[in-house]
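Colleague: My questions concern the predicted model and sequence given below.
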Amino acid sequence: MEDLLKPDYGVMILTVCNFLLLVYLLKKFAWKGIIGALEKREQQVADDKKQAQEARESAEQLKRELDEKLAQIADEAAKKMAEAVRVGEAQRDQMLAAAKEQSERLTQQAKAQIEAEKNQALAEVRGEIARTAVLAAERVIRQQISDASAQEAVDRVLEEVKAK
């Protein structure tokens with residue numbers, strides 16, 4: 001067991017030579033390829049970062065543009081809505097004015113018709129009163145009675161007119 005703790009210089013020199021030979025061979029044949037691959041990978045990562053940053057900036061610019069367009073569309077929609085409300089109110093006012101005018105015209109026509117019918121009814125009543133007066137006078141003359149009986153006959157005729 002003690003032999004394991006003693007250093008063997010021959011094995012140690014051979015190990016150091018093998019290590020140095022391995023380093024020399026790696027440097028001569030593999031080191032450039034490994035370093036080139038690492039540099040290439042590092043450049044690709046840097047390019048990817050740059051493209052991602054450009055894509056992010058482009059997306060932010062696009063978002064700003066879309067937000068501006070959306071704001072413009074909202075403004076236009078608000079303007080169109082206000083215009084539609086204004087036109088609707090104007091049409092409503094126009095329709096109300098037309099309806100009021102028609103109502104006034106119909107009212108005037110109705111008043112004129114009522115007045116005409118009233119005048120016609122008054123003319124008929126006057127004619128009836130005149131006929132009744134003539135009839136009463138005829139009866140008074142036929143009976144040749146006193147004033148009291150003539151008054152009674154006129155009252156009776158007037159009551160008959162009222163009843164009709």
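Modeller: Good, I have the coordinates.
Colleague: okay, CA-based contacts and neighbour counts for the rest of this
Modeller: OK.
Colleague: Where does pLDDT dip in this protein?
Modeller: Under the criterion pLDDT under 70, the flagged ranges of the chain are 1-2, 4, 140, 142-147, 150, 164.
Colleague: 50 instead?
Modeller: Across the chain, no stretch falls below the confidence threshold (pLDDT under 50).
Colleague: what's whichever helix in the chain runs longest packed up against?
Modeller: Ordering each helix of the chain by length in residues (DSSP state H) puts helix 31-143 first. When contacts are defined as 3 or more CA pairs under 8 Å, 6 or more residues apart in numbering; DSSP states H and E, helix 31-143 sits against helix 147-163.
Colleague: same for the helix it packs on, what does it pack against?
Modeller: On a contact count with 3+ CA pairs under 8 Å, 6+ apart, helix 147-163 meets helix 31-143.
Colleague: From the chain's centroid, how far away is the helix it packs on?
Modeller: From the chain centre to the centre of helix 31-143 is a distance of 10 Å (CA atoms, centre = their mean, to the nearest Å).
Colleague: and if you look at stretch 26-46?
Modeller: 66 Å.
Colleague: Could the C-alpha coordinates of it be exported in CSV?
Modeller: The C-alpha atoms that make up stretch 26-46 are tabulated as CSV, following Å, rounded to 0.1, in the frame of the first residue of the first chain:
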residue,chain,number,x,y,z
LEU,A,26,-5.3,19.8,-30.6
LYS,A,27,-3.7,23.2,-31.3
LYS,A,28,-2.5,22.0,-34.7
PHE,A,29,-5.7,20.3,-36.0
ALA,A,30,-8.7,21.0,-33.8
TRP,A,31,-8.2,24.3,-32.1
LYS,A,32,-8.9,26.5,-35.2
GLY,A,33,-12.1,24.6,-36.0
ILE,A,34,-13.4,24.8,-32.4
ILE,A,35,-12.5,28.5,-32.1
GLY,A,36,-14.0,29.1,-35.6
ALA,A,37,-17.2,27.3,-34.7
LEU,A,38,-17.5,29.2,-31.4
GLU,A,39,-16.9,32.5,-33.1
LYS,A,40,-19.4,31.6,-35.8
ARG,A,41,-22.0,30.7,-33.1
GLU,A,42,-21.3,33.9,-31.2
GLN,A,43,-21.8,35.9,-34.4
GLN,A,44,-25.0,34.1,-35.2
VAL,A,45,-26.3,34.8,-31.7
ALA,A,46,-25.4,38.5,-32.1
